[in-house]
Every structure is written in C-alpha cells, then in structure tokens.
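Student: Sequence plus the predicted model coming up.
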Amino acid sequence: MDAPDATVVVISHERPALRDRAVRSVLDGLAAAGVSLPVLVLDSSRTPRAVPDGARLIHRPDDPSCVSKRRLAFELTDSAWVVMLDDDCRVVPDGLGVLLRTIAEQHPRRTGAIFVNADFVGERTRAFDAALHSDLLAGFADITTEGDVTWAVTTLSAFRREAVLGADLFARQRNGAPVGGEDVDACIRLRAAGWRLHGVPKVLAWHDTETWNSFAQNARRSRNYGWAESELVRHYPQRSRLGYENPVVSAALGALCARLVAGGRGLSPLSTAAAAATGWLVSEAVELAGRHPEATPLEVGTQTAWSVLYESGRVRSAARRRRPDLLVKRFNWGNPDAGRFSFRIGPGIRKRLLVTGAAAAATALLLRGRRR
C-alpha cells in the first residue's frame, strides 16, 4: 500500500517494558502493512533507556504530563498526520494497515482526527473489575458504526497536524491535570473549528490491564480525572451543570438534615460533619450501585473510595485556580453540546438528595443517642 504522510508516536512515562512492547507492535504492524514510516518515542522517564531498533527516542524528562507530550509530537514533526499510541497499548497485527488506509481515505475530506476501538487484554484483578464496572471506564464505549463521532479516547488515534495546530489542541497551559480530559477537550475544539471526527468500528489496539490492576493506580487516576473535569468546566462553562451530587452540596444538605433531626441539641459540630459526610458517602454508593448493577458490593465500596479521591482532584483544581465555583459545577457528560449552564433537577437528582438527607439524619440520630 502507498503510505500516507504520517509519523507514529508512542507516548511513555516510567514504563520501559510496556513501552518497548508497544514500539515493537508498531514496527511489526508497519512491516505487515509493507510501509516505512518514522516512529518516535516520547519518553519523560527520569532515566533514558534505549528503544528497539527502527524507532527514535526523544527523551523529555521535563514534560511528564500526557498532554504536553501529545502537543510535543506535533511540534517535532512536519508530517501531515500523527498516529499516537499509549505505552500500555499494542497495535493488533493488521491494525496499522487498517488505520493508515483510513487516513488515506479521509485525508481529502475535512477530517481532523480518526479514532478506533481498543480491547483490554491480560490478567484481571479485583481492582480491574471494580474499574471496569465503574465510571472510570465509561468513556471506553466501543465505536459502533463507521463515520462521524462526537468524541472518543486517544488510546490509538490519528490527528491531522494542520487541525491540531490550528485549533490549538493539547495546549500545556490550558489543562493543568497530568492526564485526563485532553481527549474531550481536543474533540470539542476540533468540532468547533469545523473539523470532522471519524470513528472506525474495529478493534485495532489491545490495552494492557497491567496499568489498571491495582487500587493505587486507579486511585491516582481517579484524582487526576476529577482534576481534569474541573479544568473542562472552567473552559466550557456553558457545558456544565450544577453538581447536586458533589460533596459540597451534599454536605450542606446533610448538615441541615442532621441539625433538624437533632433539634439543634446534643449534636456537636464534629458529629454534624460526620453525619454530613456519611450522607454523601451512602448516597454515592447507592448511585454507583444503581448506575453499575453488575458491580459487587465490594466493588461498589472500592468505587466509593475512588469517588472520594476524584472529588479531591476537583478540590485541588478549584484551589489552584482560586475558583470556588468549580466545587459545585460538573461537566455535562450526558450532553456535551449543551448550550447553557443547566439547573435541571431530574428524578435521579431528587433520589440522590433524598438518600443523602436520610442517611445524614439517621447518622445524626445515632450519634445523638450515643452521646446520651
């Protein structure tokens, strides 16, 4: 096949074994497709390590964030297209051939990016199953039909360089989070600039479960994703909604219910805070169980712990930006094309608030009874 004008870039940080496996899958994929393309490895690890023959290492320890390395890829090459692969992924044997043919087909059209499906492979731990049955992997839904998509993940993807630079994607100063949110931001900006996003309903990459198999990895990921969500709210206020389910609103409601039930007597400020926190935790667990019915009770408990860390990421962003409004706003994932800030209180929110208040009130009664 005739190779399009493209460069393949592998993004990596402190995962040399996975990185080299990803690079070898790229080199094998290019050989299977019968084409020769430049292969760059952008590695921000503290110590530079040689890459497999056929690839070129770009060692940038000062660019540890995923966002900065993605932008760097387009600054280091003048190819018309850049194919990006995360280091914990591998291209399936014929994956690059399919993707490169798609690039050639889409190049004459106003297509800014191409996305494909990826399947998880490898050993699965309880932590992975908890993540699989949670909001962490909600964005990994498969592309079901060939054609335009609203947004998709960048696990294995191809971006037109002209579109990226013209729409100023992956800007370091726009997203303060180390990882997360850059795919949504890129898709919103591309579509706003008039570029199409093309989806390929085929599994062209394997995503290794190794990086999702521990509680700590997913805890760190949850914190970063929460941070990234607040960054999205900051940049796209018209696509946000009031977060009735977040800890700030829930704590206020829980504290109010606790004080009302206690009648203002026999309940210390610490007990009030404990009742408010319990109200949020119970309502969060109930909502997660309802949203992910396949999750076991242990998985729901694990997910609730990750939710606490997710919210800590949002708090960090709000504090860093000195924007207290970010504490009560959520990105409107259900309607990313919303044109205005939403105050709507649907049935799900009413149920959430009811559970929060009931759990806080019950905790207040229990604590007041123990004080007596």
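Tutor: Done, it's in.
Student: can you give me the strands in the stretch 151-300 of the chain?
Tutor: 156-160, 196-208, 240-242 (DSSP state E, counting those that start in this stretch).
Student: from the ones you listed, which stretch is densest packed?
Tutor: strand 156-160 (a mean of 26; mean count of other Cβ atoms under 10 Å). Just so you know, the C-beta spots here come from the backbone N, C-alpha and C atoms, and that holds for glycine as well.
Student: still on that earlier bit, identify whichever of the strands of the stretch 151-300 of the chain lies nearest to residue 294.
Tutor: strand 196-208 (19.6 Å; Cβ to Cβ).
Student: Sheet partners, orientation included, of the closest one?
Tutor: Strand 196-208 has its sheet partners listed here by DSSP bridges as strand 89-91 (antiparallel), strand 111-121 (parallel), strand 147-148 (antiparallel).
Student: Make JSON lines out of those strands and add distance to residue 191 and mean pLDDT.
Tutor: Formatted as JSON lines, these follow (distance: least, Cβ to Cβ, whole Å; pLDDT from 0 to 100):
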{"stretch": "strand 89-91", "distance to residue 191": "25", "mean pLDDT": "97"}
{"stretch": "strand 111-121", "distance to residue 191": "8", "mean pLDDT": "96"}
{"stretch": "strand 147-148", "distance to residue 191": "9", "mean pLDDT": "92"}
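Student: Of all the ones you listed, which one is nearest residue 290?
Tutor: Across the strands paired with strand 196-208, closest to residue 290 is strand 111-121 (Cβ to Cβ), at 24.3 Å.
Student: Pull the distance from the closest one to the chain's centre.
Tutor: The chain centre lies 15 Å from the centre of strand 111-121; the measure is Cα atoms, centre = their mean, to the nearest Å.
Student: how about it: buried residues?
Tutor: 111, 112, 113, 114, 115, 116, 117, 118, 120 (16 or more other Cβ atoms under 10 Å).
Student: Model confidence at the nearest residue to residue 317 once chain neighbours are set aside, what's the number?
Tutor: Setting aside the residues directly before and after it, residue 317 is nearest to residue 230 in space (Cβ to Cβ, 6 or more residues apart in numbering), at 3.6 Å. We have a pLDDT of 90 for residue 230.
Student: from what I can see residue 230 touches residue 312, true?
Tutor: No: the criterion here is Cβ atoms under 8 Å, and residue 230 misses it with residue 312 at 11.1 Å.
Student: out of the two, which sits in the more crowded spot?
Tutor: Ranked by neighbour count (other Cβ atoms under 10 Å), residue 230 and residue 312 place residue 230 first, with 28 against 16.
Student: residues in contact with the more buried one?
Tutor: Contact analysis of residue 230 by Cβ atoms under 8 Å, 6 or more residues apart in numbering lists 313, 314, 317, 318, 321, 326, 329.
Student: same deal with residue 118?
Tutor: 89, 140, 153, 155, 156, 203, 204, 205, 206, 207.
Student: Just list whatever residues bridge to the fifth one.
Tutor: Note on residue 156: beta-bridge partners by DSSP bridges are residue 85.
Student: could you check the distance from it over to residue 306?
Tutor: Here the criterion is Cβ to Cβ, to the nearest Å. By it, residue 156 lies 25 Å from residue 306.
Student: and residue 215, how many neighbours does it have?
Tutor: Residues contacting residue 215 under the criterion other Cβ under 10 Å number 15.
Student: Got the domain ranges for the chain?
Tutor: Listed by automatic domain parsing, the domain ranges of the chain are 6-213, 232-371.
Student: any weak-confidence spans in the protein?
Tutor: Across the chain, the ranges flagged by pLDDT under 70 are 1, 138-141, 173, 175, 244-245, 262-266, 333-348, 369-372.
Student: can you tell me which residue is nearest the centre of it?
Tutor: Taking Cα atoms, centre = their mean as the criterion, residue 180 is the residue nearest the geometric centre of the chain, at 4.2 Å.
Student: That one: what's it in contact with?
Tutor: Contacts of residue 180 by Cβ under 8 Å, 6+ apart are 221, 224, 225, 227, 228, 229.
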